[in-house]
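Colleague: Pasting the sequence and the predicted model now:
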Number of protein chains: 2
Amino acid sequence: MAREMIRQGGRSARIQEAVHRATQTLLNDVGRAEITVPMIAERAGVTPSTVYRRWGDLPQLLADVAADRLRPVGEPDDTGSLAGDLGAFVQQYAEEMASPVGRSLMRDVLAETGSDLAAARCCAYTTDHLQTLLRRARARGEAGFSIEAAIDILIAPICYRILFSNGDPSPDYVQGLLARFTRLEM
Amino acid sequence: MAREMIRQGGRSARIQEAVHRATQTLLNDVGRAEITVPMIAERAGVTPSTVYRRWGDLPQLLADVAADRLRPVGEPDDTGSLAGDLGAFVQQYAEEMASPVGRSLMRDVLAETGSDLAAARCCAYTTDHLQTLLRRARARGEAGFSIEAAIDILIAPICYRILFSNGDPSPDYVQGLLARFTRLEM
DNA sequence: ACCGTTAAAGCAAAGATATTGCATTAAGAC
DNA sequence: GTCTTAATGCAATATCTTTGCTTTAACGGT
């Protein structure tokens, strides 16, 4: 066996799981600002050096965990029409991202400095969801839409407002985005 | 004198200046990943505890410095027409933000955890610039535009792509955004 | 099922960073 | 000028991070 290889099963996976769980628990219990690597390591039952070697530092670990938590649990709701699906999905997206937890996850994901690119993972989740909606619409015989345009017109403004201007995107505001998207693309 | 008051002149300002300068120098010299508070303190000629007390921690200091650096140096170029002004401004904005330095500054600004809200400052700079363009357009007798819409349609997608999908917004892509904005708002 | 190889984890010491109480300095008000 | 006190300096302490070495346990081959 000449090449390096990455072990995946067994202990390695158990430890990753334990560290992720410990991090999430602590995020709830003590709050993000107070968390430290030794804390997480202790609760996960590993030594700090293991965490440092696998994740590098706290921000990278938080980014990894946050990206995981932003992974959607299931498919977006099926409301029977593309307009309904999009509205439901985008409103829920806005609500989740604007919540304190959502904001925190977003910031953690973006703080990533390494090359793992937690942010890209999150972006992919969103694209996947939109693709699901598009597939459904086509199956129903409805007209499609451009996923790129949906990200530009619907998703990006929501994220920008949450991240930069620190306000909540109100349901009305999101409704306005949806109206604009409909006007442009459908 | 009963109330607390914040000192602004003299030594306090000198130290803030020195720390900011030291941070920027080090960002250029050794790179963001290697910077530490003691390093900055030494180069600024202050003790680390001063930095910790004033800024809290490294991320907050970096956010403060980054927000400062994102402050525009002057007014946006005047090309003689609103379409030209907007095009020039947005293209330049995209280019600056997509550069390695721009990305880094953006991330630092967003990492802010405290209540100073460096991100909001940056957002305000952008709004100010757009307001300048709007004022000029009106002075010329041109039709105006909605600043909110400009942020949603032009600025937000650029930021989203830089932050999340890690690609450069190409000039063509930005041109597309501008075309969409024109179609919608003008 | 056992053995050899080696990636990954544990351990512990050394190094670096962060925090804090107390002394000192210098802005601002009078 | 003098008083008050916010802000800094200093230094000891606590905490976190890094690193060399040892030990454990996946994985492949037999």
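Modeller: Noted; the coordinates are in hand.

Colleague: Okay, domains of chain A per the record?
Modeller: The record's domain parsing of chain A by automatic domain parsing lists A:11-56, A:82-185.

Colleague: In space, what's closest to the residue sitting nearest the centre point of chain A - neighbours in sequence excluded?
Modeller: Residue closest to the average C-alpha location in chain A (C-alpha atoms, centre = their mean): residue A:70, at 3.0 Å. Nearest non-adjacent residue to residue A:70, counting by C-beta to C-beta, 6 or more residues apart in numbering or on different chains: residue A:122, 5.0 Å away. For every residue, glycine as well, the C-beta is placed using N, CA and C.

Colleague: Residues touching stretch A:32-45, excluding its own?
Modeller: Residues outside stretch A:32-45 that contact it (C-beta atoms under 8 Å, 6 or more residues apart in numbering or on different chains) are A:15, A:18-19, A:21-23, A:25-27, A:30, A:47-48, A:50-52, A:57-58, A:61-62, A:104, A:108, B:113.

Colleague: next one: phi and psi at the residue nearest to the centre of chain A?
Modeller: Taking degrees, to the nearest 10, you get phi -80, psi -10 for the backbone angles of residue A:70.

Colleague: Over to residue A:144?
Modeller: According to degrees, to the nearest 10, residue A:144 has phi -90, psi -160.

Colleague: And for residue A:169?
Modeller: phi -80, psi 110.

Colleague: And residue A:161, by the same measure?
Modeller: Per-residue torsions, residue A:161: phi -60, psi -40 (degrees, to the nearest 10).

Colleague: Verify the contact between it and residue A:169 for me.
Modeller: Yes. Here residue A:161 reaches residue A:169: they are 5.2 Å apart, a contact under C-beta atoms under 8 Å.

Colleague: Around residue A:87, how many other residues sit close by?
Modeller: As a burial measure, residue A:87 scores 18 neighbours (other C-beta atoms under 10 Å in any protein chain shown).

Colleague: And residue A:96, by the same measure?
Modeller: 14.

Colleague: which ones are touching it?
Modeller: Counting by C-beta under 8 Å, 6+ apart, residue A:96 touches residue A:102.

Colleague: give me the element it is part of.
Modeller: Counting by DSSP states H and E, the element that carries residue A:96 is helix A:82-98.

Colleague: What mean pLDDT does that helix get?
Modeller: For helix A:82-98, mean pLDDT is 97.

Colleague: now swap in stretch A:59-78 and tell me
Modeller: The average pLDDT within stretch A:59-78 is 94.

Colleague: Now do it: distance from first to last residue.
Modeller: For stretch A:59-78, the first-to-last residue distance is 36 Å (C-alpha to C-alpha, to the nearest Å).

Colleague: what's in contact with it?
Modeller: Contact with stretch A:59-78 is made by A:19-20, A:23-24, A:27, A:32, A:35, A:37, A:40, A:51, A:55, A:85, A:88-89, A:92, A:104-106, A:108-114, A:116, A:118-119, A:121-122, A:125, A:128-129, A:132-133, A:136, as judged by C-beta under 8 Å, 6+ apart.

Colleague: Can you say which of those residues are buried?
Modeller: Buried members of the contacts of stretch A:59-78, counted by 16 or more other C-beta atoms under 10 Å in any protein chain shown: A:19-20, A:23, A:27, A:32, A:35, A:37, A:40, A:51, A:55, A:85, A:89, A:104-106, A:108-112, A:118-119, A:121-122, A:129, A:132-133, A:136.

Colleague: Show me the contacts of stretch A:59-78 that map onto strands.
Modeller: Judged by DSSP state E, strands contain none of the contacts of stretch A:59-78.

Colleague: Now, these that are in helices?
Modeller: Using DSSP state H, A:19-20, A:23-24, A:27, A:37, A:40, A:51, A:55, A:85, A:88-89, A:92, A:104-106, A:108-110, A:118-119, A:121-122, A:125, A:128-129, A:132-133, A:136 are the members of the contacts of stretch A:59-78 that sit in helices.

Colleague: Against DNA strand D, which of those make the cut? List them.
Modeller: Contacts with DNA strand D are made by residue A:37 out of those, judged by C-beta under 7 Å from any atom of the strand.

Colleague: interface residues of chain A facing chain B?
Modeller: Within reach of chain B by C-beta under 8 Å from any C-beta of the partner chain, chain A has these residues: A:32-33, A:107, A:110-111, A:113, A:117, A:119-120, A:122-123, A:151-153, A:155-157, A:159-161, A:163-166, A:177, A:180, A:183-184.
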